[in-house]
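**Student:** Predicted model follows, preceded by the sequence.
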Amino acid sequence: MCSHPVIKKPQDKIKWSNEKIIDEAFIWQALEAGRRAGTEQVKWIITKALEKKGLSLEETAVLLCQDQQPERLSEVLEAARRIKEEIYGKRLVFFAPLYIGNQCVNNCLYCAYRRDHRGLERRTLSPGEITRQVEILEDQGHKRLLMVAGDTPDFQSNLEALKTIYATRKNQGEIRRVNVNLAPPTLDQFRELKAVGIGTYQCFQETYHRMTYQYMHPDGPKADYFWRLTVMDRAFQAGVDDVSTGVLLGLFDYRFDVAALVMHGQYLDKRYGVGPHAVSVPRLRVAHGTPLCDDNTLEANKYLLSDDQFKLVVGVIRLALPYTGLILTTRETPAMRQELFNAGVSQVSAGSQTEVGGYNREDQRPAGQFEIEDRRPLDEVVRNVVESGNIPSFCTACYRKGRTGEVIMDLLKPGTIKNYCLPNALLTFKEYLMDYASRGTREAGEKQLAGQLMGLEENMRAETTRRLERLENGERDLYF
Ligand code: SAM
């Protein structure tokens, strides 16, 4: 996270009250100034970003206003690629979402799980059904899941689901890290999540613009903007120091929302010494049975982002928050994903289903939370990542070694995390190649692995080589 004192104005104004986490007036002023910025200033900001110290809110706002400048877009994406590779190396971490229930007390205008969507069959997976879904994901080679659920009063079932996921083992398969995307918990609920071993706690503000938020979330607990805005404060106060934020791109002016997302990250960094571990960039998709995103209504939304605007968002977030993981999901097309694999993204989902119990369904019914664009199986995406010159990773080491919160920030800032990321990517990728990959992926992957191994510093290369041999001899789950 950005820690240097570039931003003066917004932080001076923060009095640590809820209302001052997001200073709307300041963001509008910054965007107004950003629109007037000249080419020299824009180029200077991009060059400055390469120092990997982050950007001020004003600088971020300038870059967010460059959506009509194709040359600036290319420069931002190239800078994003360089920064990501200097910090994390060429590894891309894989995960899959697991939807455990679609019951929901909220009525979000854009989500198919909304309470008033009467046409949706509601279900919550039983422990046996969760086990079956996890076994399928393990058989594909996944080691890291994101557990997702609608908002229900039954918090206990989330804890039980987490325990079931961790306990499920099929052949060599095991889920080593479970991140969660759940409605904002209380302080005590966060303590319970920590006790069962959650990885990252993820929650999207959807939009930081209060009036739009109120409109999009007309009732249910989610109507409370500040309860959601302060969720990460409760997480930190409960000892959960690994959190992930995001906005649902397309609900409101993306420039405002992304600037606010950065402001939120800077607030957390200043207050707790740790910013968000990761940021997601979900873009609005068709969602059946919703007023805003049905087949007929989505395209009429004036806030939908063009592809170039979306790419700009990804690049600018990498420049503004250089040490933050950047998550790209299957909401995007294979072509878009391939381009962004080399433009700052560091985590990707693959082989995803957004339908509850969807992993053992043969038919691709449009009964998920929203429609996805990349329906390729994991193996195909892995192959694609290899072909794009990157190294697929199934690593879960940092969280298991206690490298979260301030500890990981201390490794990220001087750039030493790469010394763990790349070797761990190679070890987990090797497991994938031996246990799950198709023949073509295995051949391409082994070549890529050998090439990346040569890039390691001598001692690390020797130790990684030894561990790769141990994997070949049947050991599993070796990591630094
Ligand atoms: N109950 C949790 C909560 O309160 O955050 C989970 C909500 S939902 C299951 C997970 C995320 O999906 C939401 O936070 C939202 O950003 C995203 N989402 C909802 N509808 C979407 C759509 N039509 N297109 C893309 N993403 C969507």
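**Tutor:** Thanks, I have the structure now. Numbering: from 1, shown residues only.
**Student:** Any stretches of this protein with poor pLDDT?
**Tutor:** 1-19, 362-367, 407-409, 411-418 (pLDDT under 70).
**Student:** run the last query once more with 50
**Tutor:** 1-16 (pLDDT under 50).
**Student:** Pull up the residues of it that are close to the ligand.
**Tutor:** Taking CB under 6 Å from any ligand atom as the criterion, the chain approaches the ligand at residues 110-111, 113, 148, 150-151, 181-183, 203-204, 206, 222, 248, 282, 284-285, 287, 293, 331, 369-370. C-beta coordinates here come from the backbone N, C-alpha and C atoms, glycine included.
**Student:** could you redo the last one with a cut-off of 5 Å?
**Tutor:** 110-111, 148, 151, 183, 204, 248, 282, 284-285, 287, 293, 370 (CB under 5 Å from any ligand atom).
**Student:** any idea which of the residues you listed has the most stuff around it?
**Tutor:** residue 287 (27 neighbours; other CB atoms under 10 Å).
**Student:** returning to that earlier point: quick one: which of the residues of the chain next to the ligand sit in strands?
**Tutor:** Residues of the residues of the chain next to the ligand located in strands (DSSP state E): residue 148.
**Student:** nearest to residue 313, of the residues of the chain next to the ligand?
**Tutor:** If you rank the residues of the chain next to the ligand by distance to residue 313 using CB to CB, residue 282 comes first, at 11.0 Å.
**Student:** Now that closest one: closest residue in space, sequence neighbours ignored.
**Tutor:** residue 248 (5.4 Å; CB to CB, 6 or more residues apart in numbering).
**Student:** which residues touch the one you found?
**Tutor:** 110, 204, 206-207, 282-284 (CB atoms under 8 Å, 6 or more residues apart in numbering).
**Student:** Determine the number of other residues adjacent to the nearest residue to residue 435 once chain neighbours are set aside.
**Tutor:** Using CB to CB, 6+ apart and skipping residues adjacent in sequence, the residue nearest residue 435 is residue 172, 5.4 Å away. The number of residues packed near residue 172 is 14, by other CB under 10 Å.
**Student:** Does residue 172 touch residue 432 like I think?
**Tutor:** No - using CB atoms under 8 Å as the test, residue 172 is too far from residue 432 to be in contact (10.6 Å).
**Student:** In terms of secondary structure, what does the host helix or strand of residue 95 contact?
**Tutor:** Assigned by DSSP states H and E, residue 95 belongs to strand 91-101. Helices and strands touching strand 91-101, by 3 or more CB pairs under 8 Å, 6 or more residues apart in numbering; DSSP states H and E, are helix 127-140, strand 144-149, helix 156-167, strand 347-349, helix 378-387, strand 391-393, helix 418-435.
**Student:** pull the CA atoms of that strand into PDB?
**Tutor:** Extracted in PDB, the C-alpha atoms of strand 91-101 (Å, rounded to 0.1, in the frame of the first residue of the first chain):
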ATOM      1  CA  ARG A  91       2.900 -15.300 -11.300                       C
ATOM      2  CA  LEU A  92      -0.900 -15.300 -11.500                       C
ATOM      3  CA  VAL A  93      -2.700 -16.900  -8.500                       C
ATOM      4  CA  PHE A  94      -5.800 -19.000  -9.300                       C
ATOM      5  CA  PHE A  95      -9.000 -19.400  -7.300                       C
ATOM      6  CA  ALA A  96     -12.600 -20.500  -7.800                       C
ATOM      7  CA  PRO A  97     -15.800 -19.100  -6.200                       C
ATOM      8  CA  LEU A  98     -18.000 -21.500  -4.300                       C
ATOM      9  CA  TYR A  99     -21.600 -20.300  -3.900                       C
ATOM     10  CA  ILE A 100     -23.100 -22.000  -0.800                       C
ATOM     11  CA  GLY A 101     -26.500 -20.300  -0.800                       C
END
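**Student:** can you give me the helices in the stretch 251-400 of the chain?
**Tutor:** 254-272, 307-320, 334-341, 378-387, 397-400 (DSSP state H, counting those that start in this stretch).
**Student:** and the gap between the residue nearest to residue 435 and residue 128?
**Tutor:** 22 Å (CB to CB, to the nearest Å).
**Student:** And residue 335, by the same measure?
**Tutor:** 39 Å.
**Student:** So which of those two has more stuff around it?
**Tutor:** Neighbour count, other CB under 10 Å: between residue 335 and residue 128, residue 335 has more, with 11 against 8.
**Student:** for the more buried one, what are its contacts?
**Tutor:** Residue 335 touches nothing, counting by CB under 8 Å, 6+ apart.
**Student:** Please name the residues that touch the nearest residue to residue 389 once chain neighbours are set aside.
**Tutor:** Leaving aside its chain neighbours, residue 389 sits nearest to residue 90 (6.6 Å; criterion: CB to CB, 6+ apart). Going by CB under 8 Å, 6+ apart, residue 90 touches 389-391, 422, 452.
**Student:** Repeat the analysis, applying 10 Å as the threshold.
**Tutor:** 81, 84, 341-342, 385, 388-391, 393, 418, 421-422, 425, 448, 452, 455 (CB atoms under 10 Å, 6 or more residues apart in numbering).
**Student:** Next, count neighbours for residue 299.
**Tutor:** Residue 299: 9 neighbours (other CB under 10 Å).
**Student:** Please disregard the earlier target; I meant residue 136.
**Tutor:** 19.
**Student:** was I right about residue 322 contacting residue 86?
**Tutor:** Yes - counting by CB atoms under 10 Å, residue 86 is a contact partner of residue 322 at 8.7 Å.
**Student:** The two: which has the busier surroundings?
**Tutor:** The neighbour comparison of residue 322 against residue 86 (other CB under 10 Å) goes to residue 322, with 25 against 13.
**Student:** Against residue 393, how distant is the nearest residue to that one once chain neighbours are set aside?
**Tutor:** Closest residue to residue 322 apart from its sequence neighbours, by CB to CB, 6+ apart: residue 52 at 4.5 Å. Distance, residue 52 to residue 393, by CB to CB: 21 Å.
**Student:** Pick out whichever of these two has more residues nearby.
**Tutor:** residue 393 (28 against 17).
**Student:** Please name the residues that touch the most centrally placed residue in the chain.
**Tutor:** The residue lying closest to the centre of the chain (CA atoms, centre = their mean) is residue 327, at 3.1 Å. Neighbour list for residue 327: 93, 95, 146, 179, 200, 202, 244, 246, 278-282, 345-349 [criterion: CB under 10 Å, 6+ apart].
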